[in-house]
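[1] Return atomic coordinates for the entry below.
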Amino acid sequence: MLLVLDLVGTFAFALNGALTAVRVAHVDIVGVITLGAITALGGGILRDILLDALPPATFVDWRYLAVAASGGVIVFLFSRPLTRVTSSIDVLDAAGLSLFAVTGASKALELGLGPVQAIILGTVTAVGGGTVRDVLIREVPSVLSSGLYAIPALIGAALAVGATSAGVDQVLGAPAALGAAGACFVIRLLGLHLGLDAPKPPGDVWTGSPPGNNG
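    Here you go, the predicted model:
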């Protein structure tokens, strides 16, 4: 089940990354597939490196690269109709975010990490690939600028860890993991629909020149 969710999340993030590449970066086929693959695989690679699960699953199981590349190719071939659906990027992003938060946390638990560490690694898995993509296209990463991005991932990972710790996943199996992913998905989309943001510093806390800049 963990592998299935991981591959579904990989495909969703590959589509999301490739669509973002087409709409924002205006790159060629190599750029579309590359940015799609980075979005889809970057978080998992970071997770596996931090878990010392080397080589990362991406380079051991050919299905990860195949799924990520296929997502990029699909977007390249059908970019015109897909880019007309503005909400598709947000939905795919929320889907990838929720699935990776759960699979990242679950893998951390399987390898013997504690609940807090698993929640953190679940969040890293969810936001890592998109962060690398945004840096490459010179955009402020969504995790730093978009309302309720990391928070839904934290909640989804926490629910997955809680279900495992309580033994709920052994009773319900896949529905427990899907429930945790669904909660993350709904919170993310509600945040976008209602324009909700994570708490920010009150007022303008920054005025004038940066420290050390006299001119």
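
[2] Nearest the geometric middle of the chain, what residue?
    Closest residue to the average C-alpha location of the chain: Ala126 at 3.2 Å, with CA atoms, centre = their mean.

[3] That one is in contact with Ala105, isn't it?
    No - Ala126 is beyond contact range of Ala105, at 9.2 Å (criterion: CB atoms under 8 Å). In short, each C-beta sits where N, CA and C put it, glycine included.

[4] quick revisit: list the buried residues for the host helix or strand of the residue nearest to the centre of the chain?
    Per DSSP states H and E: Ala126 is located in helix 115-136. Neighbour counts over helix 115-136 (16 or more other CB atoms under 10 Å) mark 115, 117-134, 136 as buried.

[5] May I have the residues that are in contact with the residue nearest to the centre of the chain?
    Taking CB atoms under 8 Å, 6 or more residues apart in numbering as the criterion, Ala126 is in contact with 43, 96-98, 100-101, 104, 153, 156-157, 184.

[6] Mind pulling up the pLDDT for it?
    The per-residue pLDDT reported for Ala126 equals 93.

[7] Ok, Gly203 next?
    59.

[8] let's number from 28 now, not from 1
    Okay, residue one is now 28; in that scheme the one you just asked about reads as Gly230.

[9] sorry, back to before: between Ala153 and Ala132, which contacts overlap?
    183-184.

[10] Next SSE downstream of the lowest-mean-pLDDT helix or strand in the chain?
    For the chain, counting by mean pLDDT, DSSP states H and E, helix 195-199 ranks last in confidence among helices and strands (a mean of 59). Using DSSP H and E, the helix or strand that follows helix 195-199 in sequence is helix 201-221.

[11] Okay, angle between the longest helix seen in the chain and helix 142-163 too, please.
    In the chain, taking DSSP state H as the definition, the longest helix is helix 114-137. Per axes from the mean of the first three to the mean of the last three CA atoms, to 10 degrees, the angle that helix 114-137 makes with helix 142-163 is 140 degrees.

[12] Just the mean pLDDT for helix 114-137, thanks.
    Per-residue pLDDT over helix 114-137 has a mean of 87.

[13] Export only the CA atoms of that helix, formatted as PDB.
    Extracted as PDB, the C-alpha positions of helix 114-137 are listed here (Å, rounded to 0.1, in the frame of the first residue of the first chain):
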ATOM      1  CA  SER A 114      -7.300  24.800 -10.600                       C
ATOM      2  CA  SER A 115      -5.700  21.600 -11.900                       C
ATOM      3  CA  ILE A 116      -2.300  22.700 -10.600                       C
ATOM      4  CA  ASP A 117      -3.600  23.300  -7.100                       C
ATOM      5  CA  VAL A 118      -5.500  20.100  -7.000                       C
ATOM      6  CA  LEU A 119      -2.600  18.000  -8.200                       C
ATOM      7  CA  ASP A 120      -0.300  19.800  -5.700                       C
ATOM      8  CA  ALA A 121      -2.700  19.100  -2.800                       C
ATOM      9  CA  ALA A 122      -2.900  15.400  -3.900                       C
ATOM     10  CA  GLY A 123       0.900  15.000  -4.000                       C
ATOM     11  CA  LEU A 124       1.300  16.900  -0.800                       C
ATOM     12  CA  SER A 125      -1.100  14.700   1.100                       C
ATOM     13  CA  LEU A 126       0.100  11.400  -0.200                       C
ATOM     14  CA  PHE A 127       3.800  12.200   0.300                       C
ATOM     15  CA  ALA A 128       3.200  13.400   3.900                       C
ATOM     16  CA  VAL A 129       1.700  10.000   4.700                       C
ATOM     17  CA  THR A 130       4.200   7.800   2.900                       C
ATOM     18  CA  GLY A 131       7.200   9.800   4.200                       C
ATOM     19  CA  ALA A 132       6.000   9.500   7.800                       C
ATOM     20  CA  SER A 133       5.200   5.900   7.400                       C
ATOM     21  CA  LYS A 134       8.600   5.000   5.900                       C
ATOM     22  CA  ALA A 135      10.300   6.800   8.700                       C
ATOM     23  CA  LEU A 136       8.300   4.800  11.300                       C
ATOM     24  CA  GLU A 137       9.200   1.600   9.400                       C
END
